[in-house]
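Student: Sequence plus the predicted model coming up.
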Amino acid sequence: MDVAETHFRDDLRLSEANILSVAEYLSGTIGYRTVGTKEHAEGDAWMVAQAKNAQKECERIVKDVHPGRNLECEVWRQEGSGKHRFDMMGYRLYKTYVDLTNIIIRVSNGTAAGKEHAILVNSHLDSTPPSPGAADDALPVGVMLECLRVLTHTKDWEPSHSIIFLFNNAEESLQDGSHLYATQHTTARTVRAVINLEAAGMQGPELLFQATSEEMVEAYAKVPRPYGTVLANDIFSSGIILSDTDFRQFEEYLNVTGVDMAVVGHSYFYHTQKDIVANIEPGVAQHMAENTLALLQHFTSPTSPLPSLISVTPHKPQIVYFTVLGRWFFKYTFSTASTLYLTLCGASFTFLSMVTQAPSTISVIKSHLPGMRNVLIGLVGSIISANVVALVMDKVMGKALSWYSREWFPIVLYGPAAVTGALLPQLLFFDAAQNSESITLRSVLLLFSTLAMIFQSLFQFGSSVFLFVPALAVFLMLLVNTALGGQHDEIPLRTYLVAGVVPLIIGAEVWCGTADVFVPLTGRMGEKAPAEYIIASMTAFIGFYTFPLSIPLAHRFGRKAIQVGVALFATITLASMAFMSMKHPFDSRHPKRVFVMHSENVTTGKVHINFAGADGSPTLAPLVTEMASKFGEVHRGPEYALSSVEMNDWNGDWDTLYPFSAFLTPYQIRLPDVDVKKRDANKFKVTAINNVIDAKAGTRSLTLQIDHPGVIWTVIAFDAHVLKWSLDDNPPPQFARHHIKEASFYGVNTWTVDLVMKLPDGDPEAGLKVHFVGTKESTQWPAKKSLKATGQGEGLQLLEDIHSWLKSHSDDSIDALLFGTVGGVTVV
C-alpha cells in the first residue's frame, strides 16, 4: 500500500484511520526497523517519500486551492555522524554513530520573521529489537503526518511561527537521531520549545509525564483532552523510572523547554513482538492527535508565547496541575499553592483551638498527639504487614510476581494485609474515655494540612496537592458539623461519607496511573530488584492514602469491633495469599520477557546459546532447564551442560544490551563448534592504526578501527586509563572499564575512536585488550524470517525452532528477543 496516495486528501478532520494506516505500514509492511538493518533503511526511504509528497501537496494548495496563502513547506533529509555521552542506570556509557538520518519538514509562512521562532514536534521512525514498533513509535509518526495534513489544508491557518516536524530515525539506539538534529541541523537554533511524542503502552489517554516550564503547562491546559498530574512529573524527574526519551537530547543540547507526552496504558507490550496495530486501543491515536494539533495551533498563532520562550530554560515548573476523573484539568501556581496550604493549615489550627479550647498552637498539637500517633502507626503497620506478606510469598512460598498479570491484583494480595496492619496497632492505644475517634479524625486534618504546607512551602513539592485536597474536605465537613450545632466530640457518619469521597477519588486515580506504570515495569527490573516489596509498599501507601478516615472510623466502633476487624482481614489475607499463590504471573496479554542469543566467538571458535530473564519470578530456571534439554547437546559431554553465568561489566556476551544487561539473569549452553574463525574473523575485527608510543611521557596514542560488515549495534569494551579521546573532553580520570556503543546506517561497516592512554606500568610493549561484540543484521527472529528461505542468517533456523517451542510451551505467555551475535577478544 502507498500511504502517500491516500494520506493527503482535502479533509479538515483528524482521522484515526489515517494514523493507524501509517503505523500499520511501518510496523507491518516494512516491519522491524532496528537501526542499521535493511528495514531501517526502507523506513527512511518511505519517510522521505512522505515528506516530499507533503511538500508537493503544500505547493499545490498554495498554487491552486488557496492562492496567495502564506504557507511554505521545506524538506530536509539530514545525514550525519557524531558521538555523545549517554549515562544511564548509574553507568557511564559512550555512543558513536555513522551516517544516521533524520527527515525534517518545516512549515512556515515563508518569511524570515516567520522562521525565526519554531516549535519542534518529534517522533522516531525506528523500532527496537524485538518489536515492530506500532505504538512505539509509528503511532506518533502517524499523528505528526496527520496534524501536518490538517494544518496545511486549513484555509485560514497561516503560521505566525514555524513548525519543525522531526521524524528522527535513531531513538532506540540511545537517542542518536535527536542528538544529530540538536547538534548539527541548521534549523535547530530556531527551536524555542519541544513537543515530544512517545509510547510505552497501547491503551488509555496520552499522558503528560514531563513538562519543563510553567508556559508549557499553561499551553497544555488548552488542549481538548488534557491528562496528567504534577505527581507524574515529580516521579519521572526523580529518576525512579528507568526510562528516557529524545526529550533529554533537546533539553541538554538545545536548552529549550517542552512537554513529553506518551501513551502508557497496558505497557506489558512495550518493546515486545506484540507492539502491533491490532493491540492499539481504539481512540488512543485520536486522543494524542487532537492534543498535539491543539498545541501546534496554539504555538503558531499570532498570540503565541513562542518568541518569549527564547529566554526560558528547562526547569521544574512552579505550577501545580492534575486531572480529575480524566475530564477536568486544574492548575495553579506554586505561590498560590503556598498561600492556600498555609491558609488551610492556619485555619485548621485555629478551628481546633476553638473546638478544644486549647490556648495555643503547641497545646493543639499536644492534645492531638494520641490521634497523630494512631494515624502514623496505622500507616507504618500497613506497610510492614504488606511487606511481611511479600516476604512470605517471595522467600517462603516461591510465588513472587503472582500479581503481575493484572494491575489490580496487588490490591487483592496486599490490600487485606495492609488493613490488618493498620488496625492491629490501634488495639494497643484505643482509649474509649479519651474519645479517640474525634481526636484521630482531627489528627488526620492536622497531619495532612501541615505536611501539605511544609512540603510545598519548604521543598516546592507540587504533589503536596494530594495532601491538601483531602485535608480541605475534612476541614469543611468538620466546619459544617460545628455550624449545624454538632459537638466536637460527636462525628456524624455523613462526615465520613462526604469527606471520604475526595481521597477515594484521588487515591483511585493515583493508583490507576501509578499501577499502569509500575506493575508492568517490575517485569523488566531484573531478578535482584525488590519488585515484590516495591509493589507491596506502593499498595499499602496508596491504600492508606485512599482511605485515611478508616483509622478514626475504626475507633468509632470500639475495641471489640477493631478486634473483629483484625481477625476478619487477617483471615482474608490468608485467603488472598492462597488464591494468589495459584495464579501464574504471565499470560498472552501479560507476557514474560526472555532473551535468547545465538553467540559465535571468532576468537575461540565456540558457539553458545545464551538465555536470560529480566524478572524475579521463579519461572526462569525451570524454563531454561527445559530449553537446554530440548536444544542443547548435553550428550556430547559435561562442557555442553546448562550453566548459569555471572552478569557483570566484564561479561561481554551481553554487551549489545549494555547497560540494560545488568538487569538480566543469564544462562548458557554450548553448541557444537563451527569454523567461525575462518568465516568471520577477517570480517568483524578491531585493529589499531596511527599507533604512537611516547615512552618518555608514558603514553600511547592510537586509533581503534572497528570493521563490522553485516554486524550492527557493535560494542567495544576495554580497561585503560584514558587521558584523551575523540568521544568528549572528559574521560574518566582513572583506570576504568570503558564501553563504547555504535549505531550506523545500513551498509556502513567501519567506525573509529581516537585514544591517548597511559601505558600500564609504563610498559611500552603492553597491548590493549579489547572485547568486541555485535548483532548479526541477518540473524534476528522473526524480523528476518524472510531470509531463511535464501539460506542467509546463521542460526535463524535454531531461533525459529526456539520461538515456536516457546509459544507452544508457554501458551503464548512468553515474549522473546531472539537474535544472533558475533564477537571475540583481541589485543592491539
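Tutor: Received the coordinates, thanks. Numbering: from 1, shown residues only.
Student: Leaving out the residues flanking it, which one is nearest to residue 188?
Tutor: Spatial nearest neighbour of residue 188, excluding adjacent residues (C-beta to C-beta, 6 or more residues apart in numbering): residue 182 at 5.5 Å. Every C-beta, even on glycine, is put in place using the N, C-alpha and C of the backbone.
Student: And for residue 25, the neighbour number?
Tutor: Using other C-beta atoms under 10 Å, residue 25 has 22 other residues around it.
Student: ok, back up a step: mind telling me what element the residue nearest to residue 188 is part of?
Tutor: helix 176-184 (DSSP states H and E).
Student: Can you name the next helix or strand after that helix?
Tutor: From helix 176-184 onward toward the C-terminus, using DSSP H and E, the following helix or strand is strand 191-199.
Student: Find the residue ranges of the stretch 151-300 of the chain scoring beneath the pLDDT cut-off.
Tutor: 239-242 (pLDDT under 70).
Student: and the residue nearest to residue 712 when sequence neighbours are not counted, what is it in contact with?
Tutor: Excluding its sequence neighbours, the residue lying closest to residue 712 (C-beta to C-beta, 6+ apart) is residue 36, at 3.3 Å. Shown in contact with residue 36 (C-beta atoms under 8 Å, 6 or more residues apart in numbering): 173, 712-713, 743-746, 748, 777.
Student: before we move on, the earlier item: wait, isn't the residue nearest to residue 188 in contact with residue 255?
Tutor: No. Contact criterion C-beta atoms under 8 Å: residue 182 and residue 255 do not qualify, at 9.6 Å.
Student: Which one's more surrounded, those two?
Tutor: The neighbour count for residue 182 versus residue 255, taken as other C-beta under 10 Å, is higher for residue 182 (26 against 12).
Student: Check the spacing between the more buried one and residue 36 real quick.
Tutor: 21 Å (C-beta to C-beta, to the nearest Å).
Student: so how far is residue 83 from residue 739?
Tutor: Going from residue 739 to residue 83 by C-beta to C-beta gives 13 Å.
Student: I should have written residue 216 there, sorry.
Tutor: Where residue 83 is concerned, residue 216 sits at a distance of 30 Å (C-beta to C-beta).
Student: Looking at the two, which one has more neighbours?
Tutor: Set residue 216 next to residue 83 and count neighbours by other C-beta under 10 Å: residue 216 wins out with 27 against 20.
Student: check contacts around the more buried one.
Tutor: The neighbours of residue 216, taking C-beta under 8 Å, 6+ apart as the test, are 193, 257-259, 317.
Student: Where neighbours are concerned, which of these has the most?
Tutor: Taking other C-beta under 10 Å as the neighbour criterion, residue 193 ranks highest of the contacts of residue 216 with 30 neighbours.
Student: Confirm for me that it is in contact with residue 257.
Tutor: Yes. Shown here, residue 193 and residue 257 form a contact pair, counting by C-beta under 8 Å, at 5.5 Å.
Student: who touches both of those two?
Tutor: With C-beta under 8 Å, 6+ apart as the test, residue 193 and residue 257 both reach 215-216, 309.
Student: surely residue 463 meets residue 232?
Tutor: No. Under the criterion of C-beta under 8 Å, residue 463 is not in contact with residue 232, lying 9.3 Å apart.
Student: can you list residues touching both of the two?
Tutor: Between them, residue 463 and residue 232 share no contacting residue under C-beta under 8 Å, 6+ apart.
Student: How many neighbouring residues does residue 229 have?
Tutor: Going by other C-beta under 10 Å, the residues that sit close to residue 229 add up to 26.
Student: Low-confidence stretches in the stretch 351-500 of the chain?
Tutor: 432-434, 488.
Student: Please enumerate the helices of it.
Tutor: 361-367, 369-391, 409-423, 426-429, 436-459, 465-483, 493-499 (DSSP state H, counting those that start in this stretch).
Student: now, among the contacts of residue 216, which is nearest to residue 167?
Tutor: The closest of the contacts of residue 216 to residue 167 turns out to be residue 258 (C-beta to C-beta; 17.0 Å).
Student: quick revisit: residue 463 and residue 232: which is more packed in?
Tutor: Set residue 463 next to residue 232 and count neighbours by other C-beta under 10 Å: residue 232 wins out with 25 against 19.
Student: tell me the secondary structure for the spatially closest residue to that one that is not a sequence neighbour?
Tutor: With C-beta to C-beta, 6+ apart as the measure, residue 209 is the residue that lies nearest to residue 232, at 4.6 Å, once sequence neighbours are left out. Using DSSP: H, G, I helix; E, B strand; the rest coil, the structure places residue 209 in strand.
Student: circling back to that earlier point, how far off centre is the helix holding residue 182?
Tutor: 21 Å (C-alpha atoms, centre = their mean, to the nearest Å).
Student: same thing with stretch 342-354?
Tutor: Distance of stretch 342-354 from its chain centroid, counting by C-alpha atoms, centre = their mean, is 41 Å.
Student: quick one: contacts of that stretch?
Tutor: Residues outside stretch 342-354 that contact it (C-beta under 8 Å, 6+ apart) are 358-361, 363-364, 368, 442, 445-446, 449-450, 452-453, 457, 468, 471-472, 475, 478-479, 482.
Student: Which members of the residues you listed are classed as buried?
Tutor: In those, burial by neighbour count holds for 358, 364, 368, 442, 445-446, 449-450, 452-453, 457, 468, 471-472, 475, 478, counting by 16 or more other C-beta atoms under 10 Å.
Student: Could I get the CA-only coordinates of stretch 637-653 as PDB?
Tutor: These are the backbone C-alpha positions of stretch 637-653, laid out as PDB (Å, rounded to 0.1, in the frame of the first residue of the first chain):
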ATOM      1  CA  GLY A 637      29.900 -34.100  27.500                       C
ATOM      2  CA  PRO A 638      29.700 -32.100  30.700                       C
ATOM      3  CA  GLU A 639      31.000 -28.900  29.000                       C
ATOM      4  CA  TYR A 640      27.800 -28.800  27.000                       C
ATOM      5  CA  ALA A 641      25.600 -28.700  30.100                       C
ATOM      6  CA  LEU A 642      23.500 -25.700  31.100                       C
ATOM      7  CA  SER A 643      25.400 -23.300  33.300                       C
ATOM      8  CA  SER A 644      24.500 -20.100  35.000                       C
ATOM      9  CA  VAL A 645      26.700 -17.100  34.100                       C
ATOM     10  CA  GLU A 646      27.700 -14.200  36.300                       C
ATOM     11  CA  MET A 647      26.500 -10.800  34.900                       C
ATOM     12  CA  ASN A 648      29.000  -8.000  35.400                       C
ATOM     13  CA  ASP A 649      30.800  -5.400  33.400                       C
ATOM     14  CA  TRP A 650      33.200  -8.000  32.000                       C
ATOM     15  CA  ASN A 651      30.500 -10.300  30.600                       C
ATOM     16  CA  GLY A 652      31.000  -9.300  27.000                       C
ATOM     17  CA  ASP A 653      28.400 -11.700  25.600                       C
END
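Student: Please work out the average pLDDT along it.
Tutor: For stretch 637-653, mean pLDDT rounds to 90.
Student: Next: stretch 591-607.
Tutor: pLDDT averaged over stretch 591-607 gives 93.
Student: what about it, how long is it end to end?
Tutor: Using C-alpha to C-alpha, to the nearest Å, the end-to-end distance of stretch 591-607 comes out at 28 Å.
Student: How about stretch 295-315?
Tutor: Stretch 295-315 stretches 20 Å from its first residue to its last (C-alpha to C-alpha).
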